[in-house]
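# Sequence and predicted model, in that order:
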Amino acid sequence: MVSLKQSKPIRPPPGVDPLQPRAGSAAYLYAVTAFVSLGAFLFGYDQGVMGVIVADKRWIDLMQPKNSWVTGTVVSLYDVGCFIGAMSLGYLADPIGRERTLAIACVVFIVGAVLQAASYSVTQITIGRVVLGYGVGACAGGVPLYVAELSPPSIRGRVVAIEQMILCFGELVAFWINYGFNYLEIDDWWRIPLAIQIPPAILLAVGCWFWVPPSPRWLVAQDRHECAREVLTRLHGSEAAELEMQEIQSSIDFEKHVTKASWRDMFTMPVLRVTMLGMGIQFFQQITGTNSILYYTPSLFERGGITNPRTANLATGGVGIVLFAFAWIPIFFFDRLGRKTWLQLGTIGMMCSMIGITVLQWHAEHHPGDKANYTIIMFPYLFYVFFNISWGVGSWTYAAEIFPVSMRAKGNALTTASLWTACYIVAQASPPIADAVGWGLYIIYSGIAFLHSSSSDTRWTLLTLRLVETRGRTLEEMSRLFDIEDRLAQRSGFEYDPAKAVADERIEEVARLAYPLDNDILGVHESSNLASMHLSIEFNPKPEEFIPVVNREVLEDQKLAKIG
């Protein structure tokens, strides 16, 4: 019987002395991130591929949807599959590992893609989209969870931004593949774009099963400490790996004493606040109408007076270019400003863009044929400029980093499911609302953005939950940042040693020195800063007992004792 859990030992490369200091490789970190972000590529590709297809007359003549509600159902039931896939993350990612969960999601994705490409009725393609949605939902939540657990705190936003950039590249590819194949003089042209997503899904499934390393935090939770140390050493360097191992082990041991990390705990204080904050930020990311634009861009342009379908599709391809071009900005700048600053800036820009769409759709309705109507093209582009530099990266980064270690998989499942719930609402409701009120649809979305931008100015978010700044914080630090650690200790009667926090702050200081933000994107994490500090940590079985030791030789003695 094949085991779903990765169980092979992870050792240093042949000829490498495990006692010798080793520098971590940023190139390795970025390579792993780029590869697993094929899951984000599949997510983006499928987000972009259906908008042109469901608006094409040849597809409509074959499938014969009865009305706009049926068309909306074909698009939106995909989000139901995504919801189920996202929730499965909470059941699979902890028992079998993050990377194996992604591999299984890809297999389901392939089945759904085959069903879609081979469909001959609305029912068939809808079933295919639900099945494919399962794979997309699991990948959408699993990829940021995985890359966040690989990343050092100073560049976590950058690493998640790389995933977002590849997602946008998938949308760009989908737009232009649709545009090119739309010129084929065959009724079944749309099957080709739907089938093209199968090869990258196969590649990702194989790579996640055989090549991608497990998350070091998952390995520690499985008591595979030497494997976790080796993965961290490859990523961050040997000395930083030792410090991270101490911090990760401390968090996991502490959480074992104070919580069962159950689904019920996710909705019990003090974790409830973080759960609602993560779900709220992901829900709002979609309820601003981003997928209303993405799914139905050709229809949006047609309502704005661009009546030639080919011109509307060409303008839709421009959306893909803008998405991809501006997805590069967060890679270099997202970690330089706080999460909150980017989110506030993006919200205001998105609101203004929706107002522009509203005004020009109203103008096209009252002045058909006016060349000024063509200026509507710029406002979806402007919307995605602001979306990409803020919510596109910020919501995924924030949701992946704020939960305690033992609850991160379940937390990311809930936050991603919240996003897909909003996606379903937007995709199902947008066509009939647009039919009923026309340009009024986008004034609704701009109003939602206005309400949130107003609340952001007072430093409060949805459900009056404060948006805490997380830039530069380690994942293990989040429990203290949100006051979860102290409150769980008090509730369980667990004795908490304040000296631990002092030692943890020292660990975080050293870790930040090890990962300067200005590291060359293809360079190496140098360990010289760590070595010059001559700091090590002696770990005792009780998680609250961290003792700083100003003598690096102690750590070397511990290594020798383990090997001996």
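Structure's in. What do you need?

# pLDDT averaged over stretch 481-490 - what is it?
Average pLDDT, stretch 481-490: 76.

# what distance separates that stretch from the centre of its chain?
26 Å (Cα atoms, centre = their mean, to the nearest Å).

# buried ones in that stretch?
By neighbour count on 16 or more other Cβ atoms under 10 Å, the buried set for stretch 481-490 is 481-482, 484-485, 487-489. All C-beta spots, glycine's among them, are computed from the backbone N, C-alpha and C.

# tell me which of these is nearest to A26?
Nearest to A26 out of the buried residues of stretch 481-490 is L481 (Cβ to Cβ; 25.7 Å).

# contacting residues for the closest one?
468, 470, 473 (Cβ atoms under 8 Å, 6 or more residues apart in numbering).

# Next, count neighbours for L345.
16 (other Cβ atoms under 10 Å).

# Next, it: phi, psi?
phi -60, psi -50 (degrees, to the nearest 10).

# Against F387, how distant is it?
The gap separating L345 from F387 is 11 Å, by Cβ to Cβ, to the nearest Å.

# again with V36
23 Å.

# got it, and E244?
33 Å.

# residues in contact with L232?
L232 touches 24, 216, 240-241, 244-245, counting by Cβ under 8 Å, 6+ apart.

# picking up where we left off before, name the member of the contacts of L481 with the most neighbours.
Greatest neighbour count in these, by other Cβ under 10 Å, goes to T470: 22 neighbours.

# tell me the average confidence for stretch 159-167?
Across stretch 159-167, pLDDT averages out at 91.

# again with stretch 229-244
For stretch 229-244, the mean confidence score works out to 85.

# And for stretch 211-225?
In this model, stretch 211-225 has a mean pLDDT of 90.

# ok, and what's touching that stretch?
If you take Cβ under 8 Å, 6+ apart as the criterion, stretch 211-225 is touched by 6, 10, 32, 35-36, 93-94, 97-99, 102, 146, 149-150, 227-229, 231-232, 234-235, 244-245, 248-249, 252, 405-406, 408, 475.

# quick one: low-confidence parts of the stretch 351-500 of the chain?
For the stretch 351-500 of the chain, residues meeting the criterion pLDDT under 70 lie at 373, 430-466, 491-500.

# Please repeat the previous calculation with a cut-off of 50.
The stretch 351-500 of the chain contains residues with pLDDT under 50 at 455-465, 498-499.

# Tell me which stretches of it form helices.
Taking DSSP state H, counting those that start in this stretch as the test, the helices found in the stretch 351-500 of the chain are 378-389, 391-401, 408-437, 440-457, 478-481, 484-492, 499-514.

# again with the stretch 151-300 of the chain
156-181, 191-196, 198-210, 216-221, 225-236, 238-258, 263-266, 271-287, 290-295, 297-303.

# wait, which of the ones you listed is closest to V393?
helix 156-181 (4.8 Å).

# Buried residues, that closest one. List them.
Buried residues in helix 156-181, counted by 16+ other Cβ under 10 Å: 156-179, 181.

# which helices and strands does that helix pack with?
On a contact count with 3 or more Cβ pairs under 8 Å, 6 or more residues apart in numbering; DSSP states H and E, helix 156-181 meets helix 26-36, helix 38-55, helix 122-150, helix 191-196, helix 309-326, helix 329-333, helix 391-401.

# what do you get if the cut-off is 10 Å, keeping everything else the same?
For helix 156-181, the elements it packs on are helix 26-36, helix 38-55, helix 122-150, helix 191-196, helix 309-326, helix 329-333, helix 378-389, helix 391-401, judged by 3 or more Cβ pairs under 10 Å, 6 or more residues apart in numbering; DSSP states H and E.

# what sits up against the next helix or strand after the second one?
It refers to helix 38-55. Once helix 38-55 ends, the next helix or strand along the chain (criterion: DSSP states H and E) is helix 57-63. Counting contacts by Cβ atoms under 10 Å, 6 or more residues apart in numbering, the residues outside helix 57-63 that touch it are 50, 52-54, 56, 65, 70-71, 74, 119-126, 182, 184-191, 309.

# for the helix or strand that comes right after helix 57-63, what is the average pLDDT?
Heading C-terminal from helix 57-63, the first helix or strand you meet, by DSSP H and E, is helix 68-96. Model confidence over helix 68-96, given as mean pLDDT, is 85.

# now helix 68-96 against helix 122-150, angle please.
Helix 68-96 and helix 122-150 are oriented at 40 degrees to each other (axes from the mean of the first three to the mean of the last three Cα atoms, to 10 degrees).

# Okay, angle between helix 68-96 and helix 271-287 too, please.
In terms of direction (the same axes, to 10 degrees), helix 68-96 departs from helix 271-287 by 140 degrees.

# Any idea how far helix 68-96 is from the middle of the chain?
Relative to its chain's centre, helix 68-96 lies at 15 Å (Cα atoms, centre = their mean).

# what's it packed up against?
For helix 68-96, the packing partners by 3+ Cβ pairs under 10 Å, 6+ apart are helix 38-55, helix 57-63, helix 98-117, helix 122-150, helix 216-221, helix 263-266, helix 290-295, helix 408-437.

# which of the residues in the longest one are buried?
By that I understand helix 408-437. Buried residues in helix 408-437, counted by 16+ other Cβ under 10 Å: 408-431, 433-434.

# same question, the shortest one
By neighbour count with 16+ other Cβ under 10 Å, helix 263-266 contains the buried residues 265-266.

# The third one too?
Using 16+ other Cβ under 10 Å as the test for burial, helix 98-117 gives 98-106, 108-117.

# Please find the angle between the direction vectors of it and helix 68-96.
With the same axes, to 10 degrees defining the directions, helix 98-117 sits at 150 degrees from helix 68-96.

# Show me what helix 98-117 packs onto, helices and strands only.
Helices and strands touching helix 98-117, by 3+ Cβ pairs under 10 Å, 6+ apart, are helix 26-36, helix 38-55, helix 68-96, helix 122-150, helix 191-196, helix 198-210, helix 216-221, helix 408-437.

# Distance check, the nearest residue in space to V385 that is not next to it in sequence against F301.
Nearest residue to V385, sequence neighbours excluded (Cβ to Cβ, 6 or more residues apart in numbering): F326, at 4.9 Å. For F326, the distance to F301 equals 20 Å [Cβ to Cβ].

# Same check on Y374?
Distance, Y374 to F301, by Cβ to Cβ: 9 Å.

# Kindly report the same for G44.
20 Å.

# now do P193
From P193 over to F301 the distance is 19 Å, taken as Cβ to Cβ.

# Could you do G349 as well?
Applying Cβ to Cβ to G349 and F301 gives a distance of 20 Å.

# With Q282 instead?
Distance from Q282 to F301, by Cβ to Cβ: 28 Å.

# I196 now?
I196 sits 24 Å away from F301, taking Cβ to Cβ as the criterion.

# who's more crowded, the two?
Set I196 next to F301 and count neighbours by other Cβ under 10 Å: F301 wins out with 27 against 17.

# Chain neighbours aside, what residue packs nearest to that one?
F301 sits nearest to A312 (Cβ to Cβ, 6+ apart), 4.2 Å away.

# Over to L488?
V258 (4.1 Å).

# Can you report how many residues neighbour P216?
Other residues near P216 come to 27 when the count uses other Cβ under 10 Å.

# Can you tell me how far it is from C106?
Counting by Cβ to Cβ - P216 and C106 are separated by 22 Å.

# Equivalent analysis for W328, please.
To C106, W328 is 26 Å away according to Cβ to Cβ.

# same question, G472
Taking Cβ to Cβ, one finds G472 at 33 Å from C106.
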